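Student: Show me the folded form of this:
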Amino acid sequence: MTDKNSGFEDLIDRMIENPAYDQMGGYQIFLRRFAIPVIMILIALFIYTSLDGYVSSSWNLVITSVITGSSLGPILAAERYLAMRNSKK
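Tutor: As a prediction, this is how the structure comes out:
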């Protein structure tokens with residue numbers, strides 16, 4: 001293997017073996033990589049379909065993007081709060 005690939009494998013190994021990511025019983029990586037993007041997509045779909053009959057299509061996309069983007073901060077804060085709360089147990 002090349003040095004570039006071995007460095008990437010070392011990075012993955014350090015991330016998996018890092019105790020900081022083991023706070024939630026191994027679900028930290030799952031939440032970061034899968035659950036949070038799925039939650040964002042579901043929020044966007046819900047907002048888009050809710051506003052579909054009330055707003056024109058172009059404004060609906062703008063409003064959906066703004067609200068979905070604004071929800072990213074609270075979602076990440078909730079994930080961090082759960083990790084901190086579970087690490088105190």
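Student: for this protein, what spans make up the helices?
Tutor: Assigned by DSSP state H, the helices in the chain fall at 3-17, 27-30, 36-51, 57-70, 72-87.
Student: which stretch in the ones you listed has the least confidence?
Tutor: Per-stretch mean pLDDT for the helices of the chain is lowest at helix 3-17 (a mean of 62).
Student: Need the phi and psi values for S56.
Tutor: phi -70, psi 160 (degrees, to the nearest 10).
Student: meant to ask about G53, not that
Tutor: Dihedral angles for G53 - degrees, to the nearest 10 - are phi -80, psi -10.
Student: cool, and S71?
Tutor: Taking degrees, to the nearest 10 as the convention, S71 sits at phi -80, psi -10.
Student: so what's T68 closest to, chain neighbours aside?
Tutor: A44 (4.4 Å; Cβ to Cβ, 6 or more residues apart in numbering). Using the backbone N, CA and C atoms, a C-beta is placed for each residue, glycine as well.
Student: check contacts around that neighbour.
Tutor: If you count contacts by Cβ atoms under 8 Å, 6 or more residues apart in numbering, A44 has them with T64, S65, T68.
Student: May I have stretch 56-63 exported as PDB, CA atoms only?
Tutor: Written as PDB, here are the backbone C-alpha positions of stretch 56-63 (Å, rounded to 0.1, in the frame of the first residue of the first chain):
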ATOM      1  CA  SER A  56     -44.700  29.200  -4.400                       C
ATOM      2  CA  SER A  57     -42.100  26.500  -5.400                       C
ATOM      3  CA  SER A  58     -39.100  28.800  -5.500                       C
ATOM      4  CA  TRP A  59     -39.800  30.400  -2.200                       C
ATOM      5  CA  ASN A  60     -40.600  27.000  -0.700                       C
ATOM      6  CA  LEU A  61     -37.100  25.900  -1.500                       C
ATOM      7  CA  VAL A  62     -35.600  29.000   0.100                       C
ATOM      8  CA  ILE A  63     -37.600  28.800   3.200                       C
END
